[in-house]
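Here's my sequence, what's the structure:
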Amino acid sequence: MTRSQDAAGERRRGGRRGPLTAVAAALALCAAVAAGLGGWQRYDAAHDDAAAFAQARDDALAAGEQAVQNMNTLDHRSLEKGLDSWEASTTGDLHRQLVDGRDAFARQIAEAKTVSTAKVLSGAVTELDRRAGRAAVMVALRVTVTAPKGEPAVKESRLLGGLTRTASGWKLSALGQAPVGGTAD
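Below you'll find the model as predicted:
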């Protein structure tokens, strides 16, 4: 049988091979286009500046919350460990103040025999400059201070923390009380 006879026979049988091949080719083309578009969207999302900004914000918030919690947690029974945590959480002038005043502060805490524990209630990044490596956070805390005698004292407060990005991540460079309430006009 010759090629022309085979092709003529195929046409007489209804040409099933031709349409199935065309459908399969069309489906393969659609799958290739979908895979290409999906790959492009994934690449684009991974290299999106908004995603990088969101990651930097999340990193700053996590570090800021942890550092503020560290700075409000101290146990006289493991004083050196607590003060080391304070120093590891800070940088700049705040770090220098802690290092310079460490001995005097350690004596005060050892004499008072207090234990303070902090729990982060909520936090937010209020400012972020990725290029300059600066951020600011507001953290709401519940701090419990237990003295050797008496009931534990519980206080909730809001603190503002300035953060600086260092080679080892975000560190507190400033810490202060957030204003509470507003002014009446």
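
Is the residue most central in space within the chain in a helix, a strand, or coil?
Centroid-nearest residue in the chain, with Cα atoms, centre = their mean: residue 58, separated by 2.6 Å. Put simply, residue 58 is helix when judged by DSSP: H, G, I helix; E, B strand; the rest coil.

So it versus residue 125, what's the distance?
8 Å (Cβ to Cβ, to the nearest Å). The way it works is simple: take the backbone N, C-alpha and C, and place the C-beta from them, glycine included.

Name the residues contacting each of those two.
The contact sets of residue 58 and residue 125 do not overlap (Cβ atoms under 8 Å, 6 or more residues apart in numbering).

Quick check on the residue nearest to residue 166 when sequence neighbours are not counted: phi, psi?
Excluding its sequence neighbours, the residue lying closest to residue 166 (Cβ to Cβ, 6 or more residues apart in numbering) is residue 91, at 5.4 Å. Dihedral angles of residue 91 (phi, psi; degrees, to the nearest 10) stand at phi -150, psi 170.

and residue 91, how far is that from residue 152?
Separation of residue 91 from residue 152 (Cβ to Cβ) stands at 32 Å.

and if you look at residue 124?
The spacing between residue 124 and residue 152, counted by Cβ to Cβ, is 28 Å.

can you check residue 62 too?
28 Å.

which one of those two has more residues nearby?
Set residue 62 next to residue 152 and count neighbours by other Cβ atoms under 10 Å: residue 62 wins out with 14 against 11.

Tell me how the protein divides into domains.
16-47, 57-177 (automatic domain parsing).

Quick one: those as CSV, columns for mean pLDDT too.
Shown next, in CSV, are the domains of the chain (pLDDT from 0 to 100):
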stretch, mean pLDDT
domain 16-47, 81
domain 57-177, 96
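
deepest of these, which one?
domain 57-177 (a mean of 16; mean count of other Cβ atoms under 10 Å).

Please enumerate the helices of this structure.
With DSSP state H as the criterion, the chain has helices at 3-12, 17-46, 49-71, 79-88, 92-112.

mind checking which of those helices is nearest residue 165?
Closest approach to residue 165 among these (Cβ to Cβ): helix 49-71, 8.0 Å.

what does the closest one rub up against?
Contacts of helix 49-71 with the rest of the structure, by Cβ under 8 Å, 6+ apart, involve 45, 85-86, 88-90, 118-120, 123-125, 128, 130, 135, 137, 139, 141, 159, 161, 163, 165, 169-172, 175.

From residue 33, how far off is residue 22?
With Cβ to Cβ as the criterion, residue 22 and residue 33 are 16 Å apart.
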